[in-house]
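**Q** have a look at this prediction, sequence included:
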Amino acid sequence: MSDRDTAFAEFFAARSEAMRGTAYLLCGDWHRAEDLVQAAFTKLYLAWPRIDRHGALDAYARRTLVRTFVSELRRGWFRRERVGGPAGEPAEVARGSAEDRLVLLAALARVPPRQRAVLVLRYWEDLSVGDTARALGCSEGTVKSQAARGLRTLRGLITPQQGEKVP
């Protein structure tokens, strides 16, 4: 194995699980997350001689993953059924329960994909508005508006609607 392959294998071993988690949050499906990570790492391997010297591998890998996700969206590859109930039906949440995480993930899967990408990068990956804009190839204003809309959608899916009882 060459030094290039060894360095790439080490980077893959160190970062693939984290990227898989991010990919899952983006697409809401573990199988598709695996496909996204595989496609992103293939692109990284092909570009490895160029990016290996920069020292910003994590940011480059994240940007490659997100751009792969957005590219697949544009081609319609991720068109699928939504997790959870029919559109507009809020998720049921028992406050403080062990199911909160599952409810949040199901609700996140129902957020429109571009808003979901912004939410994942801003609040899961903890990127700044500027870094999120660079990763998605859009303006900072777009990131801010998509984050606000995504949070509003997410709250609407999780928060009990008027007249509902909270356990």
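**A** Received the coordinates, thanks.

**Q** buried sites along stretch 58-76?
**A** Buried residues in stretch 58-76, counted by 16 or more other CB atoms under 10 Å: 59-66, 68-70, 72-73. The C-beta positions use only the backbone N, C-alpha and C, and glycine is treated the same way.

**Q** let me fix that: stretch 12-28
**A** 15-16, 19-20, 22-28.

**Q** contacts for that stretch?
**A** 30, 32-34, 36-37, 40-41, 57-58, 61-62, 65-66, 69, 78, 83, 105, 108-109, 113, 116-117, 120, 124-125 (CB atoms under 8 Å, 6 or more residues apart in numbering).

**Q** break this structure down into its structural domains.
**A** 1-80, 84-162 (automatic domain parsing).

**Q** pick out the shakiest of those, pLDDT-wise.
**A** Note on the domains of the chain: lowest mean pLDDT is at domain 84-162, with a mean of 80.

**Q** from the chain's centroid, how far away is that domain?
**A** Centre-to-centre, domain 84-162 and its host chain are 10 Å apart (CA atoms, centre = their mean, to the nearest Å).

**Q** then stretch 41-60?
**A** Taking mean C-alpha positions (CA atoms, centre = their mean), stretch 41-60 and its chain are 20 Å apart.

**Q** CA atoms only: put that stretch into PDB for me.
**A** Taking Å, rounded to 0.1, in the frame of the first residue of the first chain, the C-alpha atoms of stretch 41-60 are listed here in PDB:
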ATOM      1  CA  PHE A  41     -15.100   9.300   0.000                       C
ATOM      2  CA  THR A  42     -14.700   8.200  -3.600                       C
ATOM      3  CA  LYS A  43     -14.500  11.900  -4.600                       C
ATOM      4  CA  LEU A  44     -12.100  12.600  -1.800                       C
ATOM      5  CA  TYR A  45      -9.900   9.700  -2.800                       C
ATOM      6  CA  LEU A  46      -9.700  11.000  -6.400                       C
ATOM      7  CA  ALA A  47      -8.800  14.500  -5.100                       C
ATOM      8  CA  TRP A  48      -6.500  13.200  -2.300                       C
ATOM      9  CA  PRO A  49      -3.200  14.400  -3.800                       C
ATOM     10  CA  ARG A  50      -4.600  17.900  -4.000                       C
ATOM     11  CA  ILE A  51      -6.300  18.100  -0.600                       C
ATOM     12  CA  ASP A  52      -3.900  16.000   1.500                       C
ATOM     13  CA  ARG A  53      -1.500  19.000   1.900                       C
ATOM     14  CA  HIS A  54      -4.000  21.500   3.000                       C
ATOM     15  CA  GLY A  55      -4.800  20.500   6.600                       C
ATOM     16  CA  ALA A  56      -8.500  21.300   6.300                       C
ATOM     17  CA  LEU A  57      -9.500  17.800   5.500                       C
ATOM     18  CA  ASP A  58     -12.600  17.700   7.800                       C
ATOM     19  CA  ALA A  59     -14.100  20.800   6.200                       C
ATOM     20  CA  TYR A  60     -13.300  19.600   2.700                       C
END
